[in-house]
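Novice: please find the sequence and the predicted model below.
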Amino acid sequence: MTLQEYYTNVGGEYSEIIERLYTDERIIKYLNLFFSGDDLTLLQNAWNDQNGEKIFQISHRIKGGAINIELKSIYSYASQLTEAYRNGNIPDKNLAQELYINICSEYTKAKSLLSKIG
């Protein structure tokens, strides 16, 4: 799979990231950095504990990392979850759960497909 195909499959914007980082090698470096962290595990733990402040903080961090590497699908869900919990809000449980599930799914998919670039 090419990097451009990867970005298409994960709901990202290859044309935007290549303008910023210039080479596929640099893009892959930053993708690996993004996925090497434990943000998804931290989000899952915060979700299981129903800790709104932690859910906000971690989804905000995922949002920032995702937009920096143009993973728009992950960014979109993380942004919505961040806003749902901003300022200590208690969001609609069904909406929050849907966003959480979508973040986990998209993050896992993008991380898994990263190994198929070649």
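Specialist: Yep, that arrived.
Novice: would you check how far apart the residue most central in space within the chain and N51 are?
Specialist: The centre of the chain sits closest to I74, judged by C-alpha atoms, centre = their mean, with a distance of 3.6 Å. Going from I74 to N51 by C-beta to C-beta, to the nearest Å gives 21 Å. For every residue, glycine as well, the C-beta is placed using N, CA and C.
Novice: select the longest helix from the chain.
Specialist: helix 93-114 (DSSP state H).
Novice: count of residues packed around the closest residue to the residue nearest to the centre of the chain other than its chain neighbours?
Specialist: Spatially, and ignoring its direct neighbours in sequence, I74 is nearest to A66 (4.1 Å; C-beta to C-beta, 6 or more residues apart in numbering). Using other C-beta atoms under 10 Å, A66 has 25 other residues around it.
Novice: show me where the chain dips below the pLDDT cut-off.
Specialist: Within the chain, no range satisfies pLDDT under 70.
Novice: hmm, back to that, in what helix or strand does the residue nearest to I74 lie?
Specialist: For A66, the host element (DSSP states H and E) is helix 52-68.
Novice: and A96, what does it touch?
Specialist: The neighbourhood of A96, defined by C-beta atoms under 8 Å, 6 or more residues apart in numbering, consists of 81, 84-85.
Novice: now with 6 Å, please.
Specialist: A84 (C-beta atoms under 6 Å, 6 or more residues apart in numbering).
Novice: from L81, how far off is it?
Specialist: 7 Å.
Novice: same thing with R20?
Specialist: When R20 is compared with L81 (using C-beta to C-beta), they lie 25 Å apart.
Novice: so which of these two has more stuff around it?
Specialist: L81 (27 against 12).
Novice: my read: the more buried one touches L99, true?
Specialist: Yes. L81 is within contact range of L99, at 4.3 Å (criterion: C-beta atoms under 6 Å).
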